[in-house]
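A.B. asks: I would like to see how this sequence folds:
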Amino acid sequence: MPLIHDPLSRLSRVLGVTALLSGLVIGPPAEAARAPSTYANPVSAGVVDTFPDPTMIHGKDGFWNAYGTQNPVFNSKGEDGERILPILRSRDMVRWEYAGQVFTPETQPAWHNAARLWAPDIRYIDGKYYLYYSVSSNGGDLGLATAPTPTGPWTDAGDVLPSSTGCPTGNIDQAQFTDIDGTPYMYWGSYDVVCVAKMNADATRIEGAATQVARGRRMEGAYVVRHGAFYYLFYSDAGCCQGSYSGYQVKAGRSTSPWGPFVDDEGVDLMSLTSKGAIVVGANGNRWAGPGHSGFQTDLSGQDWLVYHGISKDDPDFPPIGGGRLAGLSKRPLLIDRP
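C.D. replies: Residues are numbered from 1 along each chain as shown. Predicted coordinates for the structure are as follows:
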C-alpha cells in the first residue's frame, strides 16, 4: 500500500502548480532503464536490510544508482559490519543489486576521525559524480567525494563547510541545488533549523554566511527543487528513528527565491514557531511508520517518484549489533512511490 498521505498532485494544486520536477535525471535514455508498471515496497527487500536517507540518480552507465547512510546492511546474512555509504543499482528502479560502498575503513579519510557518515546527496557536475555526505561527529560536518562513474572509484574532496559557517542546531543533511542561472547553493542543517548558503563556482565549497530558511521540531533532511517561478523546499520532521514509534513525515513549502521566505499551503512561513502544513507523505496507520528523508527522481518517461525510507511496524529494529554499540538501531529500507 502506498504511503502517500497528501499526494503531490494535491500538493501541486494547493501550492499552485501542475507538476513538480526534480531535474535530477542525467544521461541518455536506455531501453532497459524504464520503471515497470508494478512494484512492491520496500524495493530493497532481499538485497539489504536497511537503506536510510536514500538519494538516487540515473547515471551515464544506464543504471539507476542509489546511495544510503552508513548502516549494517547485511545483518540478516550474519554480518554486523557497517557499509560506509552503501550503493545500490538497478535497471528499472525496482529490482536492485548491491554495488559497493563509497569508503571502506581503510579508505575513509583521516579527517573524519572514524565518524559515521550519513545522508548522502548525489549530483553530476562538470563530468563527474559529486557525492555530498554528513560527518556525524562534533555537531556535524559536510564532506564531498567525487568519481568518474556512479560506483567509483571515489576521491576525497574534503570538507565543503568553512569553520566560520554553520547552522545553529547542527551541520548535517546537506542537499546541493543549482539554479537555472548556474548559481550553486547548499541547503543543510538538522534538528530544528534549515540553512542555505551559496557555493563556489565548482560546487566544492560553501561561501558566505548561512541564512536560516526554516525551523521546527526535529526539522531536517531538506532539499529544494524548482518548477516555473517557484522554489519548493521539502523537509522531514518529528523524529526519524524510534522504530515503530517514529513520527517522521515529509512536508513542503514554496518561495519565489532560493533564500525564502518559504510558506506552506496555508501561507505559514516555515520560519514560524508553529506547526506547518503541506504534508507530502506520512504514516498510514497500517504497516509503516516514520516515512521520510525523501528525495525526488524522474524516470525516463517523465514520471516523478518520491524516494524515501520507512520503518516496518512488523520488523522495526535491528537486534543488538557490534557488542551493543548500535543497539536499538531502526531498520529503514528503501521505498519509492509515484505521487
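A.B. asks: quick one, phi/psi of residue 110?
C.D. replies: Taking degrees, to the nearest 10, you get phi -60, psi -30 for the backbone angles of residue 110.
A.B. asks: for residue 76, that is, sorry about that
C.D. replies: Backbone geometry at residue 76, expressed as degrees, to the nearest 10, gives phi -70, psi -20.
A.B. asks: Does it touch residue 49 like I think?
C.D. replies: Yes. Assessed by Cβ atoms under 8 Å, residue 76 is found in contact with residue 49 at 5.2 Å. Every C-beta, even on glycine, is put in place using the N, C-alpha and C of the backbone.
A.B. asks: between the two, which one's more packed in?
C.D. replies: Applying other Cβ atoms under 10 Å to residue 76 and residue 49 shows that residue 49 carries more neighbours, namely 20 against 15.
A.B. asks: Pretty sure residue 75 is one of the things that one touches, is it not?
C.D. replies: Yes. Contact criterion Cβ under 8 Å: residue 49 and residue 75 qualify, at 5.2 Å.
A.B. asks: Touching both of these two, which residues are there?
C.D. replies: residue 318 (Cβ atoms under 8 Å, 6 or more residues apart in numbering).
A.B. asks: quick one: low-confidence ranges for the chain?
C.D. replies: Residue ranges of the chain with pLDDT under 70: 1-37, 322-326.
A.B. asks: Go again with 50.
C.D. replies: For the chain, residues meeting the criterion pLDDT under 50 lie at 1-33.
A.B. asks: Tell me which stretches of the stretch 51-200 of the chain form strands.
C.D. replies: Assigned strands in the stretch 51-200 of the chain, in chain order: 55-58, 64-67, 84-90, 96-103, 117-125, 128-135, 141-147, 155-159, 175-178, 184-190, 193-199 (criterion: DSSP state E, counting those that start in this stretch).
A.B. asks: For those strands, give me TSV that also has mean neighbour count and distance to residue 287.
C.D. replies: TSV is the format used below for these (neighbours: other Cβ atoms under 10 Å; distance: least, Cβ to Cβ, whole Å):
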stretch	mean neighbour count	distance to residue 287
strand 55-58	25	23
strand 64-67	26	22
strand 84-90	23	22
strand 96-103	19	20
strand 117-125	22	24
strand 128-135	23	29
strand 141-147	21	34
strand 155-159	15	40
strand 175-178	21	28
strand 184-190	25	28
strand 193-199	22	29
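A.B. asks: want to throw those into CSV with distance to residue 329?
C.D. replies: Shown next, in CSV, are these (distance: least, Cβ to Cβ, whole Å):
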stretch, distance to residue 329
strand 55-58, 20
strand 64-67, 19
strand 84-90, 14
strand 96-103, 17
strand 117-125, 13
strand 128-135, 17
strand 141-147, 22
strand 155-159, 26
strand 175-178, 24
strand 184-190, 18
strand 193-199, 25
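A.B. asks: how about these, which one is nearest residue 312?
C.D. replies: strand 96-103 (17.2 Å; Cβ to Cβ).
A.B. asks: contact partners of that closest one?
C.D. replies: Outside strand 96-103, the residues within contact range by Cβ under 8 Å, 6+ apart are 43-44, 47-48, 65-67, 73, 83-90, 109, 117, 120, 131, 133, 145, 151-152, 154, 334.
A.B. asks: Can you check what angle separates that strand from strand 84-90?
C.D. replies: 150 degrees (axes from the mean of the first three to the mean of the last three Cα atoms, to 10 degrees).
A.B. asks: who does strand 96-103 pair up with?
C.D. replies: Strand 96-103 sits in its sheet next to strand 84-90 (antiparallel), going by DSSP bridges.
A.B. asks: report the angle between the axes of the partner strand and strand 128-135?
C.D. replies: Going by the same axes, to 10 degrees, strand 84-90 makes 140 degrees with strand 128-135.
A.B. asks: quick one: strand 84-90 to strand 117-125, angle?
C.D. replies: If you take the same axes, to 10 degrees, strand 84-90 sits at 50 degrees to strand 117-125.
A.B. asks: what about strand 84-90, distance to the chain center?
C.D. replies: 13 Å (Cα atoms, centre = their mean, to the nearest Å).
A.B. asks: CA-only coordinates of that strand in CSV, if you can.
C.D. replies: Provided in CSV are the C-alpha atoms of strand 84-90 (Å, rounded to 0.1, in the frame of the first residue of the first chain):
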residue,chain,number,x,y,z
ILE,A,84,30.1,3.3,4.7
LEU,A,85,27.6,5.0,2.3
PRO,A,86,26.4,1.8,0.6
ILE,A,87,25.5,1.9,-3.1
LEU,A,88,22.7,0.0,-4.9
ARG,A,89,22.0,0.0,-8.6
SER,A,90,19.0,-1.0,-10.8
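A.B. asks: what's in contact with that strand?
C.D. replies: With Cβ under 8 Å, 6+ apart as the test, strand 84-90 has contacts from 44, 47-48, 51, 61, 63-71, 73, 96-105, 108, 117, 120, 131, 133, 150-151, 334.
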